[in-house]
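Visitor: sequence unavailable; structure follows:
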(Lines give C-alpha, C1' and ligand atoms only; values in the text may rest on other atoms or scores of the structure.)
Protein backbone atom coordinates (compact mmCIF):
# COMPACT_ATOMS: atom_id res chain seq x y z
CA UNK A 1 0.00 0.00 0.00
CA UNK A 2 2.97 2.29 0.41
CA UNK A 3 2.17 5.69 1.86
CA UNK A 4 -1.14 6.17 0.08
CA UNK A 5 -2.98 6.21 3.42
CA UNK A 6 -1.58 9.64 4.21
CA UNK A 7 -3.27 12.83 3.06
CA UNK A 8 -1.75 15.35 0.68
CA UNK A 9 -1.39 17.84 3.54
CA UNK A 10 0.44 15.28 5.69
CA UNK A 11 2.84 14.39 2.88
CA UNK A 12 3.56 18.03 2.05
CA UNK A 13 4.26 18.77 5.70
CA UNK A 14 6.61 15.78 5.91
CA UNK A 15 8.39 16.81 2.70
CA UNK A 16 9.05 20.28 4.11
CA UNK A 17 10.33 19.16 7.51
CA UNK A 18 13.89 20.12 8.38
CA UNK A 19 16.21 18.75 11.05
CA UNK A 20 15.62 21.90 13.11
CA UNK A 21 11.91 21.03 13.25
CA UNK A 22 11.11 19.05 16.35
CA UNK A 23 9.26 16.25 14.58
CA UNK A 24 12.15 15.43 12.28
CA UNK A 25 14.88 16.10 14.82
CA UNK A 26 13.58 13.37 17.07
CA UNK A 27 13.49 10.88 14.22
CA UNK A 28 17.04 11.72 13.15
CA UNK A 29 18.33 11.75 16.72
CA UNK A 30 16.92 8.26 17.34
CA UNK A 31 19.86 7.10 15.24
CA UNK A 32 22.63 6.99 17.79
CA UNK A 33 25.41 7.46 15.24
CA UNK A 34 23.80 10.57 13.75
CA UNK A 35 23.15 12.06 17.18
CA UNK A 36 26.72 11.28 18.20
CA UNK A 37 28.02 12.99 15.06
CA UNK A 38 26.07 16.15 15.87
CA UNK A 39 27.30 16.26 19.46
CA UNK A 40 30.93 15.54 18.58
CA UNK A 41 30.94 18.44 16.13
CA UNK A 42 29.04 21.08 18.10
CA UNK A 43 30.66 20.30 21.45
CA UNK A 44 34.20 19.89 20.09
CA UNK A 45 34.46 16.40 21.54
CA UNK A 46 35.61 14.04 18.76
CA UNK A 47 35.97 11.12 21.16
CA UNK A 48 32.47 11.47 22.59
CA UNK A 49 30.52 8.23 22.54
CA UNK A 50 26.82 7.86 23.12
CA UNK A 51 25.47 4.68 24.68
CA UNK A 52 21.76 5.37 24.52
CA UNK A 53 19.49 7.93 22.84
CA UNK A 54 15.93 8.46 24.05
CA UNK A 55 13.80 11.01 22.14
CA UNK A 56 10.96 12.74 24.01
CA UNK A 57 12.26 11.52 27.35
CA UNK A 58 10.46 12.44 30.58
CA UNK A 59 12.73 12.92 33.59
CA UNK A 60 11.54 13.71 37.11
CA UNK A 61 13.86 15.91 39.16
CA UNK A 62 13.51 17.00 42.75
CA UNK A 63 11.10 19.81 41.93
CA UNK A 64 9.49 19.11 38.57
CA UNK A 65 8.90 16.78 35.67
CA UNK A 66 10.82 17.73 32.52
CA UNK A 67 10.34 16.61 28.94
CA UNK A 68 13.60 16.53 26.99
CA UNK A 69 13.63 16.58 23.20
CA UNK A 70 16.46 14.05 23.28
CA UNK A 71 18.33 12.50 26.19
CA UNK A 72 21.74 11.01 25.40
CA UNK A 73 23.54 8.91 27.94
CA UNK A 74 27.25 9.22 27.19
CA UNK A 75 30.09 6.80 27.82
CA UNK A 76 31.03 8.52 31.07
CA UNK A 77 27.43 8.45 32.32
CA UNK A 78 26.73 12.13 31.65
CA UNK A 79 23.52 13.37 30.06
CA UNK A 80 23.31 15.53 26.95
CA UNK A 81 19.73 16.73 26.45
CA UNK A 82 18.68 19.04 23.64
CA UNK A 83 15.82 21.45 24.13
CA UNK A 84 14.94 21.96 27.79
CA UNK A 85 16.91 23.09 30.83
CA UNK A 86 17.57 20.20 33.22
CA UNK A 87 19.40 21.11 36.41
CA UNK A 88 20.21 19.54 39.77
CA UNK A 89 21.91 16.47 38.31
CA UNK A 90 25.73 16.23 38.29
CA UNK A 91 27.68 16.01 35.02
CA UNK A 92 25.00 17.45 32.79
CA UNK A 93 25.65 18.93 29.36
CA UNK A 94 22.73 20.85 27.88
CA UNK A 95 22.64 21.81 24.23
CA UNK A 96 20.07 24.20 22.75
CA UNK A 97 19.84 24.50 18.96
CA UNK A 98 17.76 27.40 17.67
CA UNK A 99 16.96 29.34 14.49
CA UNK A 100 17.72 32.63 16.24
CA UNK A 101 20.50 34.09 18.36
CA UNK A 102 18.95 33.34 21.74
CA UNK A 103 21.62 35.21 23.69
CA UNK A 104 21.87 38.13 21.24
CA UNK A 105 25.66 38.06 21.37
CA UNK A 106 26.50 37.45 17.71
CA UNK A 107 28.15 34.09 18.44
CA UNK A 108 27.26 30.86 16.68
CA UNK A 109 27.99 28.74 19.77
CA UNK A 110 28.20 29.98 23.34
CA UNK A 111 29.20 28.03 26.44
CA UNK A 112 27.46 29.13 29.61
CA UNK A 113 28.50 28.38 33.20
CA UNK A 114 26.66 29.16 36.40
CA UNK A 115 28.21 31.86 38.60
CA UNK A 116 27.69 32.97 42.19
CA UNK A 117 27.69 36.60 43.26
CA UNK A 118 30.38 37.12 45.92
CA UNK A 119 32.12 40.11 47.47
CA UNK A 120 34.93 39.53 44.98
CA UNK A 121 32.52 39.51 42.05
CA UNK A 122 31.02 36.70 40.03
CA UNK A 123 32.75 33.37 40.57
CA UNK A 124 32.04 30.25 38.42
CA UNK A 125 30.19 27.46 40.20
CA UNK A 126 31.68 24.02 39.62
CA UNK A 127 28.39 22.13 39.73
CA UNK A 128 29.10 19.70 36.91
CA UNK A 129 26.73 21.42 34.50
CA UNK A 130 27.60 22.97 31.14
CA UNK A 131 25.11 24.71 28.86
CA UNK A 132 25.71 25.37 25.18
CA UNK A 133 23.62 27.58 22.91
CA UNK A 134 23.99 26.97 19.17
CA UNK A 135 22.14 28.86 16.44
CA UNK A 136 21.77 28.75 12.66
CA UNK A 137 21.84 32.55 12.24
CA UNK A 138 25.52 33.32 12.83
CA UNK A 139 27.65 31.71 10.13
CA UNK A 140 31.35 31.20 9.39
CA UNK A 141 33.49 28.70 7.47
CA UNK A 142 33.74 26.15 10.29
CA UNK A 143 32.44 22.58 10.34
CA UNK A 144 30.04 23.60 13.09
CA UNK A 145 28.49 26.25 10.89
CA UNK A 146 28.24 23.84 7.97
CA UNK A 147 26.50 21.29 10.16
CA UNK A 148 24.02 23.82 11.53
CA UNK A 149 23.11 24.99 8.03
CA UNK A 150 22.13 21.43 7.17
CA UNK A 151 19.53 21.74 9.93
CA UNK A 152 17.65 24.22 7.72
CA UNK A 153 17.50 22.14 4.54
CA UNK A 154 14.31 20.46 3.40
CA UNK A 155 16.02 18.11 0.96
CA UNK A 156 18.39 15.19 1.39
CA UNK A 157 22.13 15.82 1.15
CA UNK A 158 25.43 13.98 1.15
CA UNK A 159 28.46 15.34 2.95
CA UNK A 160 31.62 13.36 3.65
CA UNK A 161 32.14 15.28 6.91
CA UNK A 162 28.77 14.16 8.23
CA UNK A 163 28.06 10.73 6.74
CA UNK A 164 25.74 9.53 9.52
CA UNK A 165 23.58 12.64 9.44
CA UNK A 166 23.48 12.52 5.64
CA UNK A 167 22.45 8.85 5.75
CA UNK A 168 19.68 9.52 8.27
CA UNK A 169 18.18 12.44 6.35
CA UNK A 170 18.38 10.55 3.06
CA UNK A 171 16.48 7.65 4.64
CA UNK A 172 13.63 9.83 5.87
CA UNK A 173 13.45 11.97 2.76
CA UNK A 174 14.04 9.48 -0.04
CA UNK A 175 12.94 6.00 1.05
CA UNK A 176 9.36 4.83 1.29
CA UNK A 177 9.82 3.43 4.77
CA UNK A 178 11.54 6.52 6.14
CA UNK A 179 9.07 8.91 4.56
CA UNK A 180 6.24 6.83 5.99
CA UNK A 181 7.74 7.25 9.47
CA UNK A 182 7.82 11.01 8.96
CA UNK A 183 4.19 11.05 7.79
CA UNK A 184 3.13 9.05 10.83
CA UNK A 185 5.03 11.44 13.09
CA UNK A 186 3.29 14.42 11.48
CA UNK A 187 -0.12 12.84 12.06
CA UNK A 188 0.76 11.94 15.65
CA UNK A 189 1.81 15.53 16.30
CA UNK A 190 -1.41 16.84 14.80
CA UNK A 191 -3.48 14.46 16.95
CA UNK A 192 -1.59 15.48 20.08
CA UNK A 193 -2.12 19.18 19.38
CA UNK A 194 -5.82 18.56 18.81
CA UNK A 195 -6.03 16.44 21.99
CA UNK A 196 -4.24 19.07 24.08
CA UNK A 197 -6.61 21.73 22.80
CA UNK A 198 -9.68 19.60 23.51
CA UNK A 199 -8.52 18.88 27.06
CA UNK A 200 -7.77 22.53 27.70
CA UNK A 201 -11.13 23.55 26.25
CA UNK A 202 -12.89 21.09 28.59
CA UNK A 203 -10.89 22.43 31.53
CA UNK A 204 -11.78 25.99 30.68
CA UNK A 205 -15.42 25.01 30.31
CA UNK A 206 -15.49 23.36 33.72
CA UNK A 207 -13.92 26.44 35.23
CA UNK A 208 -16.38 28.67 33.36
CA UNK A 209 -13.49 30.31 31.57
CA UNK A 210 -13.88 33.13 29.08
CA UNK A 211 -13.86 32.85 25.29
CA UNK A 212 -10.56 34.69 25.31
CA UNK A 213 -8.97 31.77 27.11
CA UNK A 214 -10.21 29.29 24.52
CA UNK A 215 -9.00 31.54 21.73
CA UNK A 216 -5.52 31.77 23.24
CA UNK A 217 -5.27 27.98 23.47
CA UNK A 218 -6.12 27.69 19.79
CA UNK A 219 -3.45 30.25 18.97
CA UNK A 220 -0.89 28.38 21.07
CA UNK A 221 -1.65 25.17 19.18
CA UNK A 222 -1.25 26.92 15.81
CA UNK A 223 2.03 28.54 16.87
CA UNK A 224 3.43 25.18 17.96
CA UNK A 225 2.50 23.58 14.66
CA UNK A 226 4.06 26.40 12.65
CA UNK A 227 7.24 26.16 14.70
CA UNK A 228 7.39 22.43 14.01
CA UNK A 229 7.17 22.72 10.24
CA UNK A 230 3.45 22.11 9.66
CA UNK A 231 2.26 23.72 6.43
CA UNK A 232 -0.81 25.94 6.12
CA UNK A 233 -3.00 23.31 4.47
CA UNK A 234 -2.29 20.81 7.24
CA UNK A 235 -3.19 23.33 9.96
CA UNK A 236 -6.38 24.46 8.21
CA UNK A 237 -7.44 20.83 7.80
CA UNK A 238 -7.52 20.57 11.62
CA UNK A 239 -10.43 23.03 11.82
CA UNK A 240 -8.44 26.19 12.43
CA UNK A 241 -9.47 29.32 10.53
CA UNK A 242 -7.48 31.37 8.03
CA UNK A 243 -7.83 34.35 10.36
CA UNK A 244 -6.32 32.47 13.29
CA UNK A 245 -3.50 31.13 11.13
CA UNK A 246 -2.61 34.57 9.76
CA UNK A 247 -2.60 36.04 13.28
CA UNK A 248 -0.25 33.32 14.52
CA UNK A 249 2.06 33.80 11.53
CA UNK A 250 2.25 37.54 12.22
CA UNK A 251 3.07 36.95 15.89
CA UNK A 252 5.91 34.55 15.03
CA UNK A 253 7.23 36.93 12.37
CA UNK A 254 7.26 39.79 14.89
CA UNK A 255 9.21 37.63 17.35
CA UNK A 256 11.92 37.10 14.72
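Guide: It's in. Since this is a predicted model, take the numbers as computed values, not measurements. Numbers count the residues shown, from 1 in each chain.

Visitor: what residue ranges in the stretch 151-256 of the chain score low on pLDDT?
Guide: In the predicted model, the stretch 151-256 of the chain carries pLDDT under 70 at residues 193-214, 256.

Visitor: how is the protein divided into domains?
Guide: 18-153, 178-255 (automatic domain parsing).

Visitor: which of those domains sits closest to residue 11?
Guide: domain 178-255 (6.2 Å; Cβ to Cβ). Placement of C-beta: from N, CA and C, glycine included.

Visitor: related to what we said a few turns ago, let me have the domains of the chain in CSV, adding mean neighbour count as columns.
Guide: Formatted as CSV, the domains of the chain follow (neighbours: other Cβ atoms under 10 Å):
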stretch, mean neighbour count
domain 18-153, 16
domain 178-255, 16
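
Visitor: would you mind giving these as a markdown table with distance to residue 164 added?
Guide: Converted to a markdown table, those look like this (distance: least, Cβ to Cβ, whole Å):
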| stretch | distance to residue 164 |
| --- | --- |
| domain 18-153 | 4 |
| domain 178-255 | 14 |
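
Visitor: give me the pLDDT for residue 20.
Guide: Looking at residue 20, its pLDDT stands at 91.

Visitor: what are the phi and psi values for the residue lying closest to residue 106 once chain neighbours are set aside?
Guide: Nearest residue to residue 106 in three dimensions, chain neighbours excluded: residue 138, at 6.1 Å (Cβ to Cβ, 6 or more residues apart in numbering). Main-chain torsions, residue 138, degrees, to the nearest 10: phi -80, psi 130.

Visitor: cool, residue 130 as well?
Guide: According to degrees, to the nearest 10, residue 130 has phi -130, psi 140.

Visitor: contact partners for it?
Guide: Residues in contact with residue 130 (Cβ atoms under 8 Å, 6 or more residues apart in numbering) are 92-94, 111-113.

Visitor: thinking again about what came up before, closest to residue 3 out of the domains of the chain?
Guide: domain 178-255 (4.9 Å).

Visitor: distance between the ends of the closest one?
Guide: End-to-end distance of domain 178-255: 33 Å, with Cα to Cα, to the nearest Å as the criterion.

Visitor: just stretch 107-114 next, same as before
Guide: This stretch, stretch 107-114, spans 19 Å end to end (Cα to Cα).

Visitor: same check on stretch 103-119?
Guide: 26 Å.

Visitor: now do stretch 110-117
Guide: Across stretch 110-117, first to last residue, Cα to Cα, it's 21 Å.

Visitor: who's in contact with it?
Guide: Stretch 110-117 is contacted by residues 103, 122-125, 127, 129-133 when judged by Cβ under 8 Å, 6+ apart.

Visitor: which one of these is nearest residue 166?
Guide: residue 132 (23.0 Å).

Visitor: the nearest residue in space to that closest one that is not next to it in sequence and residue 254, how far apart?
Guide: Leaving aside its sequence neighbours, residue 132 sits nearest to residue 95 (Cβ to Cβ, 6+ apart; 4.8 Å). Taking Cβ to Cβ, to the nearest Å as the measure, residue 95 falls 27 Å from residue 254.
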